[in-house]
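> Got a predicted structure here, sequence first:
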Amino acid sequence: MKYLSEIYRLVISLSFVFVASGPVCASDSVSVAGQSLFSKDKHIEYIVGSSSVIISAPHGGRLVPASIPDRKNGVLLADGGTDRLARDIAQAFHRQTGKYPHVIICHLKRLKVDCNREIKEAAQGSVEAERAWTEFHQYIEQARRAVIEKHGGGLYIDLHGHGHPEIRLELGYLLSNLELKGEDGKVEELRGKSSIRKLADDSKASFAELLRGDSSFGALMKERGFPAVPSPEFPHAGEEKYFNGGYNTRRYGSRDGGKISGFQVECPGKGVRNSKKNRRIFAKAFADAVTVYLKIHAAVGVGK
């Protein structure tokens, strides 16, 4: 029985390799910006984009199919409302720019799969969870190929929610809180290990300015009513807890080279995720900040 299970797992893996160069959607419909494509079981959704921006929401899902066993270890709590928030940001972005960001959403609850961890921890042996994890990342890769082909480069944002008592955004660039506590001269030396390495190379600003100066993403969000760390107001998180970026930011950011920079955004519940009205206010501010940030620092902007 174990032998047959291993054969089935191998077949599934080979199937993933076979479709890696194309969409994983259930139908063969033509991809149109703003249109949702779904994996066969609808566990993963890809809203096709037309801009240079990619947004993923790995932990906002609410589906709990009995066919996927519950994960037994690791972080199991969902980032409530981030699936809806990603969709609201896409709509706000389109209203402001006439373009859609590429959006990838996992609709499975984190109890079933964690799409911001490597596959062993993410699926914990479930073939169905492994399939969802693979489809999620294939859609991101599909979006990345489209962005690079059309725009030459872009920006990836991994959207999350935190439960820390501080009501502020936590922006993760793969730099620890201890590293953020360094003076600007010391911070300059960290650009090569950050997830926005390519953006730092393209920008005329210093890395410290890009990271936490007046034109940083944290500063732009603060101007729009949403405090953030790092930023001029909060150059580091002090002695408080801080999420500096996870698996997806490492995989899809530009720390190891590549044309697409990225960072993780951890959103508080209060004032952002806790109501439809707050989500839409935040989405408008977020879309505007992304547009301005790329206009200042990126060679490609949001894309023509």
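That came in fine, so what should we check first?
> Any idea which residue is closest to the centre of this structure?
Residue closest to the average C-alpha location in the chain (C-alpha atoms, centre = their mean): D158, at 1.4 Å.
> That one: what secondary structure?
Counting by DSSP: H, G, I helix; E, B strand; the rest coil, the backbone at D158 sits in strand.
> Assess the claim that it and I105 are in contact.
No: look at D158 against I105 with C-beta atoms under 8 Å: they stay out of range, at 11.9 Å. Glycine gets a C-beta too; all of them are placed from N, C-alpha and C.
> overlap in contacts of those two?
Both D158 and I105 are in contact with S56, where contact means C-beta atoms under 8 Å, 6 or more residues apart in numbering.
> just to revisit the earlier point, ok, the residue nearest to the centre of the chain to A86 distance?
As for D158, its distance to A86 is 10 Å (criterion: C-beta to C-beta, to the nearest Å).
> same deal with L210?
24 Å.
> For the helix or strand hosting E45, give me every contacting residue.
If you go by DSSP states H and E, E45 is part of strand 44-47. Identification of contacts with strand 44-47 by C-beta under 8 Å, 6+ apart yields 23-25, 34-39, 87, 90, 100, 102-107, 132, 135-136, 139, 142-143.
> Direction included, what does it pair against?
Sheet pairing here is set by DSSP bridges, and for strand 44-47 it gives strand 36-38 (antiparallel), strand 102-106 (antiparallel).
> Restricting the selection to alpha carbons, write that strand to PDB.
Written as PDB, here are the backbone C-alpha positions of strand 44-47 (Å, rounded to 0.1, in the frame of the first residue of the first chain):
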ATOM      1  CA  ILE A  44      -6.100  28.400  -5.700                       C
ATOM      2  CA  GLU A  45      -7.100  31.600  -7.600                       C
ATOM      3  CA  TYR A  46      -5.100  33.700 -10.000                       C
ATOM      4  CA  ILE A  47      -6.400  37.100 -11.000                       C
END
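> Check which element follows that strand along the chain.
Where DSSP H and E defines the elements, the next helix or strand beyond strand 44-47 is strand 53-57.
> Return the distance of that following strand from the chain's centre.
Here strand 53-57 is found 5 Å from its chain centre; the criterion is C-alpha atoms, centre = their mean, to the nearest Å.
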